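Visitor: Pasting the sequence and the predicted model now:
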Amino acid sequence: MPKKRATLSDIAKIAGVTPTAVSMVFRNKPGVSKQMRQRILTLGRELQYVPLQQNTPAFEEERSEFYQLGFVSTSQDEPKLSGRGSSYLNTILNGCLSKAEELHCSVTLITASSAQIQAGVLPVALRSRQLDGLIVRSFLEPEVMEMLKAQQLPVVLLDCCRPYPMFSQININNFHGMMLLVNHLKERGAQRLAVITGDMEHLNSQERLAGLQFHAWSAGLELPPENIIIEHGYGETSGQRGVQQLLDNGCRFDTLLGQNDLIAIGALETLRRNGLKIPQDIRLAGFDNMEFSELLPRLTGVDSQAAEMGATAVYQLYNMLRNRNSMPFQIRVMPSLVVGQTT
């Protein structure tokens, strides 16, 4: 009986690493230490491992489970990976990494600011990593769009700024999230709402405002035009400016919504400085369910299920790589309500 051919999984088991790491070594990709790389190559020789010839059914079958995926995150400034406000992106990444480990894939994080994109850094970074597919969370500037088309790789857009029919896309169901939040606020006695938006160029801002307006009207709650403050960012300063504008203009409201948690936190600080108590004077809610361990009271809002979005993106990209002819898809992840102490 002929001796069974050694596989990547055989080498991985002996070396105590994942099959992905072994695959990366034999495909001459970065990300494995020099010492471990040498151990894997030595085991390969001892087991007489012979990489299969490329572009054969057997090669595709073996390598199909060991993909190196890129997670690209861009923003005007360098994307935040630490400090207050970073938990949302980190939660998405954790969801990606958990699902990738389950599927024996690896995920490489690539971040870039707008200035770096303009300088052409992103295509160089992608080429140097020899990736099999991309998950992209970004404001898709023209340079990014051209880069994605030029890469000729499977792409999944995640939580991106607007729909692009040529790419597969995963977003939160913002309308459902606003329905959950409005119903809760009505139960807590809300009558007259105000909202501070983020950048209205972004799909999330557009959908969250439209969802709030529709569900507020359906629930019989007031949301007059003067109580809608359009901001151009998603940070605490947007919340501080927005709520100060409401107060300076004499706008009446008993409930304030921030289109994300950072906006809501900025608003909370300014409301307190103006002598208003939460929730006794003003009910306050956010969106995304970021972690703010130092914040008391706990913020009411919508959980965007960021980890689930990340895991879904990896799973769908993995399927796209295995089924080369898959058509672009649109997936909406269902959010949930988080009831804190601010409503």
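Guide: Thanks, I have it. Please read all numbers here as calculations on a predicted model, not as lab measurements.
Visitor: which residue is nearest the middle of this protein?
Guide: The residue lying closest to the centre of the chain (CA atoms, centre = their mean) is I92, at 4.5 Å.
Visitor: three-state assignment of that residue?
Guide: Secondary structure assignment for I92 (DSSP: H, G, I helix; E, B strand; the rest coil): helix.
Visitor: can you start the count at 42 instead of 1 from here on
Guide: Okay, residue one is now 42; in that scheme the one you just asked about reads as I133.
Visitor: Would you check that it makes contact with D200?
Guide: Yes. Using CB atoms under 8 Å, I133 is in contact with D200, at 7.2 Å. (Glycine included, C-beta is placed from N, CA and C.)
Visitor: Which neighbours do these two have in common?
Guide: Jointly contacting I133 and D200 under the rule CB atoms under 8 Å, 6 or more residues apart in numbering are 178, 350.
Visitor: Helices of the stretch 192-341 of the chain, start to end?
Guide: Along the stretch 192-341 of the chain, the stretches classed as helices by DSSP state H, counting those that start in this stretch are 215-228, 244-260, 277-289, 302-314.
Visitor: Deepest-packed of those helices, please.
Guide: Greatest average neighbour count among those goes to helix 302-314 (a mean of 22), per mean count of other CB atoms under 10 Å.
Visitor: ok, and what's touching it?
Guide: 125-126, 129, 237, 239, 272, 275-285, 288, 297-299, 319, 322-323, 325-331, 333, 336, 340, 342, 383.
Visitor: Now the buried members of those.
Guide: Buried members of these, counted by 16 or more other CB atoms under 10 Å: 125-126, 129, 237, 239, 272, 275-277, 279-285, 297-299, 319, 323, 325-331, 333, 336, 340, 342, 383.
Visitor: Just the residues you listed: which are in strands?
Guide: Here DSSP state E is the test, and those give 237, 297-299, 325-326, 342 as lying in strands.
Visitor: Out of those residues, flag the one nearest to E228.
Guide: E228 lies nearest to A326 out of those, by CB to CB, at 12.5 Å.
Visitor: so what's N212 up against?
Guide: By CB under 8 Å, 6+ apart, the neighbours of N212 are 199-201, 244-245, 350, 371-374.
Visitor: whoops, V66 was the one
Guide: Residues near V66 by CB under 8 Å, 6+ apart: 73, 77-78, 81-82.
Visitor: Just put the helices of the stretch 192-341 of the chain in TSV and tack on mean pLDDT and distance to Y356.
Guide: Formatted as TSV, these follow (pLDDT from 0 to 100; distance: least, CB to CB, whole Å):
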stretch	mean pLDDT	distance to Y356
helix 215-228	98	21
helix 244-260	96	22
helix 277-289	96	33
helix 302-314	94	26
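Visitor: right, and these - which one's nearest N360?
Guide: The closest of these to N360 is helix 244-260. By CB to CB, the value is 23.8 Å.
Visitor: Throw the ones in strands among the buried ones among the contacts of helix 302-314 into CSV and include distance to R365, thanks.
Guide: Output for those, formatted as CSV (distance: CB to CB, whole Å):
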residue, distance to R365
I237, 45
L297, 49
L298, 44
G299, 43
L325, 48
A326, 44
G342, 40
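Visitor: Was I right to think S147 contacts M65?
Guide: Yes. The pair S147 and M65 passes the contact test of CB under 8 Å, sitting 6.8 Å apart.
Visitor: Return the item of the contacts of N212 having minimum pLDDT.
Guide: Checked by pLDDT, the contacts of N212 have C201 as the lowest-scoring entry (85).
Visitor: who wins for most neighbours among the contacts of V66?
Guide: Within the contacts of V66, neighbour counts (other CB atoms under 10 Å) peak at I81, which reaches 23 neighbours.
Visitor: in what helix or strand does that one lie?
Guide: Here I81 sits within helix 75-87, counting by DSSP states H and E.
Visitor: ok now that helix, how far from the chain's centre?
Guide: 36 Å (CA atoms, centre = their mean, to the nearest Å).
Visitor: Then stretch 305-319?
Guide: Relative to its parent chain, stretch 305-319 has a centroid offset of 28 Å by CA atoms, centre = their mean.
Visitor: Please write out the alpha-carbon positions of it in CSV.
Guide: The C-alpha trace of stretch 305-319 is given here as CSV (Å, rounded to 0.1, in the frame of the first residue of the first chain):
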residue,chain,number,x,y,z
ALA,A,305,-23.9,60.7,23.3
ILE,A,306,-21.0,60.8,25.8
GLY,A,307,-20.0,64.3,24.6
ALA,A,308,-23.6,65.4,25.0
LEU,A,309,-23.8,63.9,28.5
GLU,A,310,-20.9,66.0,29.7
THR,A,311,-22.3,69.2,28.3
LEU,A,312,-25.8,68.5,29.7
ARG,A,313,-24.3,68.1,33.1
ARG,A,314,-22.2,71.3,32.8
ASN,A,315,-25.5,73.1,32.1
GLY,A,316,-27.1,71.7,35.3
LEU,A,317,-29.3,69.0,33.7
LYS,A,318,-29.6,65.6,35.3
ILE,A,319,-29.7,62.3,33.4
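Visitor: got the contact list for G316?
Guide: So G316 contacts nothing (CB under 8 Å, 6+ apart).
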